[in-house]
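Enquirer: task: produce atomic coordinates for the following.
(2 chains)
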There are 2 protein chains.
Amino acid sequence: MRGIYLVTDQQACMGKPIESVVLDAIKAGISCVQLREKDTSTRLFLQRARILKSILKPAKVPLIINDRVDIALAVKADGVHLGQSDMPYEDARRLMGPEAIIGLSVETWKDVEEAERLDVNYLGVSPVFATPTKTDTKEPWGLEGLEKISNYSRHPLVAIGGLSLLNTQTVIKAGANAIAVVSAICSAKDPFAATQSLSKLYEQS
Amino acid sequence: MRGIYLVTDQQACMGKPIESVVLDAIKAGISCVQLREKDTSTRLFLQRARILKSILKPAKVPLIINDRVDIALAVKADGVHLGQSDMPYEDARRLMGPEAIIGLSVETWKDVEEAERLDVNYLGVSPVFATPTKTDTKEPWGLEGLEKISNYSRHPLVAIGGLSLLNTQTVIKAGANAIAVVSAICSAKDPFAATQSLSKLYEQS
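Expert: You can find the predicted model right below:
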């Protein structure tokens, strides 16, 4: 996992349709898109996932589904992102198959240690900084925490939480292999320009 | 689908562990158990499903998972029960395979008509009577509605909503092939005796 990783959030899009934000992000070179839906019915979640898959597939950008392995299987998404209260990694891998991208959020040092024995495709270091988008997270890792994980773990690291143009380079320096953002793209006036600026910064780091 | 069909509800168990209610229901001859969890994390839902599967499998009582095909696949449940905002039937069938039991709730006449072209294993006629357990349902079908569906549909009917010893026989007379209950067993002082009484009444009808 490398580059800029977009996590969609209906609310953070502030009225813009997610599909248009994703189309803009694709044009500007996004590496990966995760669909995250909370408090939505299975049917609506599935509908949105199917639309995103139809947009992302021709662009060869992987679609990752947050939490829901059934949605991922139904729309043939490229993978799932698991939190610590979601399906355990082993079950998800068994259902998704060996080729799927499976990411796992780590929120404590114990999570990081336990993830060493799992063949996850990346760790979501969550949150690096405090963030208004997600309120159910633990203490932020900070740059020091990220660096500590980077020195310890064998997995690629996707940093998430409070990331923007202002801190992308220091976060990569601290060991992040990819930069995940929500509001920095979803809430941007111009999601295309926002993605492009983040990508440029990433490539220059 | 025939006999007494238990839908579990943590809250309706009023402090009793679901597992003990299910064990009692098995001993008293329950035909089927559906695990319904709302506002629970995927991980907890999965844990409960796995425990119920381990209890139900040796008793050869099928376990049906409400809504979540991923949970059903992970614990090798016997089927899923779909509401009208859950995964569409075709997607669920594709993921669950031809042998799975797939039930579908019908809440409107349009739902009943559309279900005719689907190879569902049963229709959940929901709710037959008004019920305090589920507050997001439409107008009750009543005995007349149930009879109308029974005359029209090619599918076995599982009646649910406000069912108890008091109305089981009239509901069967109106066309129900199975009787689904929540509180009549979960909230009973003695779930074994409650299941046994319902089963006897069913067999006598």
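
Enquirer: flag every residue of chain A that's near chain B.
Expert: A:41-44, A:46, A:67-70, A:73-74, A:84-88, A:91, A:94-95 (CB under 8 Å from any CB of the partner chain). Any C-beta I mention is one placed from the backbone N, CA and C, and that applies to glycine too.

Enquirer: for PyMOL, what selects the buried ones among those?
Expert: Entered in PyMOL, the line below selects the buried ones among these, by 16 or more other CB atoms under 10 Å in any protein chain shown:
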select buried, chain A and resi 42+43+46+67+68+69+70+73+74+84+86+87+88+91+95
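
Enquirer: what ranges does chain A have for its helices?
Expert: For chain A, the helices defined by DSSP state H occupy A:18-27, A:42-59, A:69-75, A:89-96, A:109-115, A:142-152, A:168-173, A:183-186, A:191-204.

Enquirer: mean pLDDT for the ones you listed - can I get that in JSON lines?
Expert: Output for the helices of chain A, formatted as JSON lines (pLDDT from 0 to 100):
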{"stretch": "helix A:18-27", "mean pLDDT": "96"}
{"stretch": "helix A:42-59", "mean pLDDT": "97"}
{"stretch": "helix A:69-75", "mean pLDDT": "98"}
{"stretch": "helix A:89-96", "mean pLDDT": "98"}
{"stretch": "helix A:109-115", "mean pLDDT": "98"}
{"stretch": "helix A:142-152", "mean pLDDT": "98"}
{"stretch": "helix A:168-173", "mean pLDDT": "97"}
{"stretch": "helix A:183-186", "mean pLDDT": "94"}
{"stretch": "helix A:191-204", "mean pLDDT": "96"}
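
Enquirer: could the ones you listed be laid out in TSV, adding distance to residue B:182?
Expert: Formatted as TSV, these follow (distance: least, CB to CB, whole Å):
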stretch	distance to residue B:182
helix A:18-27	36
helix A:42-59	21
helix A:69-75	24
helix A:89-96	28
helix A:109-115	37
helix A:142-152	46
helix A:168-173	50
helix A:183-186	40
helix A:191-204	46
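
Enquirer: once you drop chain neighbours, what's closest to residue A:199?
Expert: residue A:29 (4.7 Å; CB to CB, 6 or more residues apart in numbering or on different chains).

Enquirer: which residues touch that neighbour?
Expert: Residue A:29 makes contact with A:3, A:4, A:195, A:196, A:199, according to CB atoms under 8 Å, 6 or more residues apart in numbering or on different chains.

Enquirer: which one (most neighbours) among those?
Expert: Top of the contacts of residue A:29 by neighbour number is residue A:4, holding 28 neighbours under the definition other CB atoms under 10 Å in any protein chain shown.

Enquirer: one step back: quick one: pLDDT of the residue nearest to residue A:199?
Expert: As predicted, residue A:29 sits at a pLDDT of 96.

Enquirer: tell me which residues of stretch A:178-193 come out buried.
Expert: Here stretch A:178-193 shows A:178-188, A:191-192 as buried, counting by 16+ other CB under 10 Å.

Enquirer: who touches stretch A:57-67?
Expert: Residues outside stretch A:57-67 that contact it (CB under 8 Å, 6+ apart): A:7, A:26, A:30-37, A:49, A:52-53, A:56, A:71-72, A:75, A:77-83, A:86-87, A:101, A:103, B:42.
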